[in-house]
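Undergrad: Make a model of this:
(2 chains)
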Amino acid sequence: MADPIKLAYFMAVKEGASYLGGLLVTDTSGIPLDFRYTEPITPTRLQSILYGKSLEPHLKEEVIQKTLLKELKTPPDLFILSATELAGGWSGDVKYPVLAVQKSQESPLAKVGDTFRAGPRELLIQLAEGAAPLRVMFAAAVEPAAQEQAVGKLLEAGYHMDLAEPLERVTAALQSLVVKDS
Amino acid sequence: MFGRVKEAMADAAETLRQAFAGLRVVEVAAEPFLPKAHGSSPLGTEARVGLDPPVTACREMQRFGGDTEARALEPFQTRLCAEAGWARWGTEAEVIRMTPLAGGEAARVGVPPLPRRAQVLGRLEPVARPGARRLSAQLVQPGARRLDPSLEAGGIEAGLDLMLSLAVPIRAEAIHNLPKGLWMRYSLQLVRGTGENVRNLEVLGLFRIPSKGVADLRHDPGQGRILVRLEASAVRAPRAPFILARRKDDGSLVSCFVEDP
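TA: As a prediction, this is how the structure comes out:
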């Protein structure tokens, strides 16, 4: 029997002048297996000046994300970000397929499990009957073969769960942490 | 040889002469003894009033000079001589009597304190002169400081309990995609588990949820899913098929696991 699929959801948020991130690992039902989050990081004014526009990507990809990944006991099968993070030029270096999922407004595909490639790194997959297909965007480093394997895992998990929903939970958890600390 | 001795003698004599040349030689006129050739007068008595105090005649001894003539000795005559030196010694001698030390009256003198600051009255302040300052045009080499701009993540916290406190949506599986025999078995298990007539039940969905650790469960008919709140024990619990149904007569919900986990 194959190992159960584990999905890692990463989200980094900025609250005021502080950054914090969380990493949620779920099974294919969306049930949490592990959740780690960082303490808020507040860059100094000098650091903000020195890093400039690269401050936020550096914090999210190099500092927060790598720190959280080190804490994982078992590697996930897929590393899922928000579409905004990926579209912003995410250039993290991880060993897992990095992708983003987003609900689309496209017409449903013929049947559940169908896929439609909209670009070299973007495709639509039909997870539920009659529902709009899910948009999947891969990071630049994910090869086509790896993309195909990742789609297979997404179809298996999407049969039981809403693939985009766990990111909302991570965001809600991080915001509750900020409110609790303030 | 004799000549040298003679000169030496002459030098010694000259030396002595010069050495004693400054000495004052006091010529003392000595009364020469004048011998009298005529005979001595007889002793006579002279009546005097009262008694005269005995007088001792003193005579200074005179040295015989080279020009002393040998004359006839004159008879000794008594003369009243007075030695003024003794009297002068007695009168002119100053006897100093030391005054013994005695305790005197002592008074304590208070020393007034010095003024702390001299008070200057009516003094005109001098016109202040502008101080001259020197500005060096040479640029000082600045010190270099190093500031590490690296950003480091803080501590990592485990927040599984926090995540479990959030409701987990679980989507219903498509029942019509199940094999018919499997669905028949599930339906039979539903009737056994709830005790209801299968005709009185409306199946809302088949869900795979943890076999234990489900603290709360709510149905979301709009999305066709259920929202569950889980406990920590649910993370390790096996997933089991779970059917949620509604009684048609009263609308109440019934549920059961349709497989032993």
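
Undergrad: And the residue of the stretch 1-150 of chain B that's closest to chain A?
TA: The minimum distance from the stretch 1-150 of chain B to chain A, using C-beta to the nearest C-beta, falls at residue B:149 (4.8 Å). C-beta here means a position set from N, CA and C on the backbone, and glycine is covered the same way.

Undergrad: Return the per-residue confidence for that residue.
TA: Looking at residue B:149, its pLDDT is 73.

Undergrad: Three-state assignment for it, please.
TA: Following DSSP: H, G, I helix; E, B strand; the rest coil, the label given to residue B:149 is coil.

Undergrad: and what of residue A:85?
TA: Under three-state DSSP, residue A:85 falls in the helix class.

Undergrad: and it, what pLDDT?
TA: Confidence score, pLDDT, at residue A:85: 82.

Undergrad: Check the one 3 residues further on too.
TA: Residue A:88 carries a pLDDT value of 73.

Undergrad: Wait, it touches residue A:60, no?
TA: No - assessed by C-beta atoms under 8 Å, residue A:88 is found out of contact with residue A:60, at 9.0 Å.

Undergrad: higher neighbour count, these two?
TA: Between residue A:88 and residue A:60, counting by other C-beta atoms under 10 Å in any protein chain shown, residue A:60 is the more crowded of the two (23 against 14).

Undergrad: Report the separation between the closest residue in space to residue A:126 that isn't next to it in sequence and residue A:117.
TA: Closest residue to residue A:126 apart from its sequence neighbours, by C-beta to C-beta, 6 or more residues apart in numbering or on different chains: residue A:109 at 3.8 Å. Between residue A:109 and residue A:117 the distance is 12 Å, computed by C-beta to C-beta, to the nearest Å.

Undergrad: Likewise for residue B:246?
TA: From residue B:246 to residue A:117 the distance is 42 Å (C-beta to C-beta).

Undergrad: quick one, which of these two is more surrounded?
TA: Neighbour totals were compared for residue B:246 and residue A:117, and residue B:246 leads with 18 against 13 (other C-beta under 10 Å).

Undergrad: Where does the more buried one fall, secondary structure wise?
TA: Applying DSSP states H and E as the criterion places residue B:246 in strand B:239-247.

Undergrad: Mind checking the pLDDT average for that strand?
TA: Here strand B:239-247 scores 91 as its mean pLDDT.

Undergrad: For that strand, output the C-alpha coordinates as PDB.
TA: The C-alpha trace of strand B:239-247 is given here as PDB (Å, rounded to 0.1, in the frame of the first residue of the first chain):
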ATOM      1  CA  ARG B 239     -10.400   7.300   8.400                       C
ATOM      2  CA  ALA B 240     -13.600   5.400   8.000                       C
ATOM      3  CA  PRO B 241     -16.600   5.900   5.800                       C
ATOM      4  CA  PHE B 242     -19.400   7.700   7.500                       C
ATOM      5  CA  ILE B 243     -22.900   8.300   6.300                       C
ATOM      6  CA  LEU B 244     -25.000  11.200   7.300                       C
ATOM      7  CA  ALA B 245     -28.800  10.900   6.800                       C
ATOM      8  CA  ARG B 246     -31.900  12.800   7.600                       C
ATOM      9  CA  ARG B 247     -35.200  11.300   8.900                       C
END
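
Undergrad: got the angle between the following helix or strand past that strand and strand B:239-247?
TA: Per DSSP H and E, the first helix or strand lying C-terminal to strand B:239-247 is strand B:253-257. Per axes from the mean of the first three to the mean of the last three C-alpha atoms, to 10 degrees, the angle that strand B:253-257 makes with strand B:239-247 is 160 degrees.

Undergrad: which other helices and strands contact strand B:253-257?
TA: helix B:180-194, strand B:239-247 (3 or more C-beta pairs under 8 Å, 6 or more residues apart in numbering or on different chains; DSSP states H and E).

Undergrad: Residue B:116 is nearest to which of these?
TA: Checking these against residue B:116 by C-beta to C-beta gives strand B:239-247 as the closest, at 95.0 Å.

Undergrad: Point me to the residue of chain A nearest chain B.
TA: Residue of chain A nearest chain B, by C-beta to the nearest C-beta: residue A:39 (3.4 Å).

Undergrad: what's that residue in contact with, if anything?
TA: By C-beta atoms under 8 Å, 6 or more residues apart in numbering or on different chains, the contact set of residue A:39 is A:20, B:153, B:154, B:155, B:156, B:157.

Undergrad: who in the stretch 151-261 of chain B is up against chain A?
TA: Residues of the stretch 151-261 of chain B that fall close to chain A, judged by C-beta under 8 Å from any C-beta of the partner chain: B:151-160, B:162-164, B:166, B:168-171, B:173-174, B:208-210, B:225, B:230, B:234-235, B:239.

Undergrad: Kindly state the pLDDT recorded for residue B:250?
TA: So, for residue B:250, pLDDT stands at 90.

Undergrad: Export the helices and strands packed on strand B:253-257 as JSON lines, with columns for distance to residue B:79.
TA: As requested, the helices and strands packed on strand B:253-257 are exported to JSON lines (distance: least, C-beta to C-beta, whole Å):
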{"stretch": "helix B:180-194", "distance to residue B:79": "185"}
{"stretch": "strand B:239-247", "distance to residue B:79": "174"}
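
Undergrad: So which of these has the densest surroundings on average?
TA: Of all these, strand B:239-247 has the most neighbours on average by mean count of other C-beta atoms under 10 Å in any protein chain shown, namely a mean of 20.

Undergrad: What is it packed up against?
TA: Against strand B:239-247 (3+ C-beta pairs under 8 Å, 6+ apart) you get helix B:180-194, strand B:201-210, strand B:253-257.

Undergrad: Save those as a markdown table, and put in mean pLDDT too.
TA: Output for these, formatted as a markdown table (pLDDT from 0 to 100):
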| stretch | mean pLDDT |
| --- | --- |
| helix B:180-194 | 90 |
| strand B:201-210 | 91 |
| strand B:253-257 | 90 |
